[in-house]
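Student: No sequence on hand, only this structure:
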């Protein structure tokens, strides 16, 4: 109902407190009450924040305006959400490290749909707790140096993975090749798959590998050197002197640890030196490594990862990790 000027004029005439004029129509009184209540509420809210919420009154006619400190409430809610989400991220990162031994910031950003700054803060927190060690572009699981195992124990570990790696490696050997087989459990698996090959010369410092190939048509050259009984490996100056007098097409070697920052490692520094000479004498260096070797460090450093030409592995690598290796000119074959 529209209010006429005369009606509003009459409404302003003197009358008992809180009472409309006697001749004021009933509908007009209702409308005047509404106008007055809304006017009073508007005046009270002029000095309050502009964040407000409208709700219907009991009679579904008058709207009451309630102010709320929304920025503060929203900030508190977001703060609690971030805190919970950070705890969840950290738990997931710790699980990934246990499973993969290393993580990359780019992969974590994509996985958790967040920024590198946030992920770096998470990694810094985990490093302060001794869970991981920060590296360029990521982190590795913090573990003590690997002390090594006897060859008989190594052969029992991840045997199915080593079989797959050896199966892929043997396909890279062609008739007429001169190959070096370094000592180790995975290279032993490879030697067993080479028994039916012909026209191949094998140079090795592993006594057990020489025995594996003794009854085959392969030509076998066993280096001299000091015998490490727990690994059936010949190392030291005599072994290195023999190696420096030969040249090979390919070297197949395993390691005890792979760390992208430190390099390839083995528990014995003398064995590491002999392995370095093998790499120098081969035209192509092919690393055989099951998934357990990644993120592990040992005492003796053999070489940097970039010095490897190819890696055959069972590790389930992400695109970022494969790219990182490719950028180092390392060809990756996942089996």
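Tutor: Yep, that arrived. Just so it is clear, the model here is predicted, and its values are computed rather than measured.
Student: Start from the N-terminal end of this structure and give the helices.
Tutor: Assigned by DSSP state H, the chain shows helices spanning 5-11, 26-45, 70-100, 105-112, 116-128, 151-154, 159-170, 185-193, 207-212, 237-243, 269-281, 319-327.
Student: comparing the ones you listed, which gets the lowest mean pLDDT score?
Tutor: Ranked by mean pLDDT, the helices of the chain end with helix 5-11 at the bottom, a mean of 46.
Student: Tell me which residues touch residue 100, please.
Tutor: Residue 100 is in contact with 294-295, 316, counting by Cβ atoms under 8 Å, 6 or more residues apart in numbering. All C-beta spots, glycine's among them, are computed from the backbone N, C-alpha and C.
Student: Residue 291 too?
Tutor: 158, 161, 313-316 are the contacts of residue 291 under Cβ under 8 Å, 6+ apart.
Student: Got a PyMOL select line for the buried ones in the residues you listed?
Tutor: Remark: buried members of the contacts of residue 291, expressed as a PyMOL selection using 16 or more other Cβ atoms under 10 Å:
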select buried, resi 158+161+313+314+315
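Student: closest to residue 113 among the contacts of residue 291?
Tutor: residue 316 (21.4 Å; Cβ to Cβ).
Student: and that closest one, how far is that from residue 182?
Tutor: 25 Å (Cβ to Cβ, to the nearest Å).
Student: Residue 279 now?
Tutor: On the measure of Cβ to Cβ, residue 279 and residue 182 end up 9 Å apart.
Student: what's the answer for residue 320, then?
Tutor: To residue 182, residue 320 is 29 Å away according to Cβ to Cβ.
Student: do residue 147 as well
Tutor: 19 Å.
Student: Which of the two has more residues huddled nearby?
Tutor: Set residue 147 next to residue 182 and count neighbours by other Cβ atoms under 10 Å: residue 182 wins out with 27 against 9.
Student: wait, the more buried one sits on residue 206?
Tutor: Yes. Residue 182 lies in contact with residue 206 (Cβ atoms under 8 Å); the separation is 7.2 Å.
Student: Just give me the longest strand of this protein.
Tutor: What stands out as the longest strand in the chain, according to DSSP state E, is strand 282-289.
Student: Now do it, average pLDDT.
Tutor: Averaging pLDDT along strand 282-289 gives 97.
Student: which ones are touching residue 257?
Tutor: Per Cβ under 8 Å, 6+ apart, neighbours of residue 257: 146, 264-266, 293, 295-298.
Student: for residue 279, that is, sorry about that
Tutor: Here residue 279 is in contact with 251, 253, 285, 302-303, 307 (Cβ under 8 Å, 6+ apart).
Student: how about a cut-off of 7 Å?
Tutor: Residue 279 makes contacts with 251, 285, 303, 307, as judged by Cβ atoms under 7 Å, 6 or more residues apart in numbering.
Student: what's around the first one, how many residues?
Tutor: Right, the one you point to is residue 251. Other residues lying near residue 251 total 24 when counted by other Cβ under 10 Å.
Student: ok, so what distance separates the spatially closest residue to it that is not a sequence neighbour from residue 247?
Tutor: Nearest residue to residue 251 in three dimensions, chain neighbours excluded: residue 282, at 3.5 Å (Cβ to Cβ, 6 or more residues apart in numbering). Distance, residue 282 to residue 247, by Cβ to Cβ: 8 Å.
Student: Which one of the two is surrounded by more residues?
Tutor: Neighbour totals were compared for residue 282 and residue 247, and residue 282 leads with 24 against 13 (other Cβ under 10 Å).
Student: follow-up on the earlier one: widest-spaced pair of the contacts of residue 257?
Tutor: Among the contacts of residue 257, the pair separated by the greatest distance (Cβ to Cβ) is 266 and 295, at 15.4 Å.
Student: quick one, which of those two is more surrounded?
Tutor: A count of neighbours by other Cβ under 10 Å puts residue 266 above the other of residue 266 and residue 295, at 28 against 23.
Student: and the spatially most central residue of the chain, what is it in contact with?
Tutor: By Cα atoms, centre = their mean, the mean C-alpha position of the chain lies nearest to residue 103, the distance being 2.5 Å. The neighbourhood of residue 103, defined by Cβ under 7 Å, 6+ apart, consists of 93, 96-97, 138-139.
Student: about what we covered before: mutual contacts of residue 279 and residue 182, please.
Tutor: Common contact partners of residue 279 and residue 182 (Cβ under 7 Å, 6+ apart): residue 251.
Student: Go ahead and confirm residue 243 touches residue 280.
Tutor: No. Checked against Cβ atoms under 7 Å, the pair residue 243 and residue 280 is beyond contact range at 8.1 Å.
Student: These two - which one has more neighbours?
Tutor: Just comparing residue 243 and residue 280: by other Cβ under 10 Å the higher neighbour count belongs to residue 243, 25 against 14.
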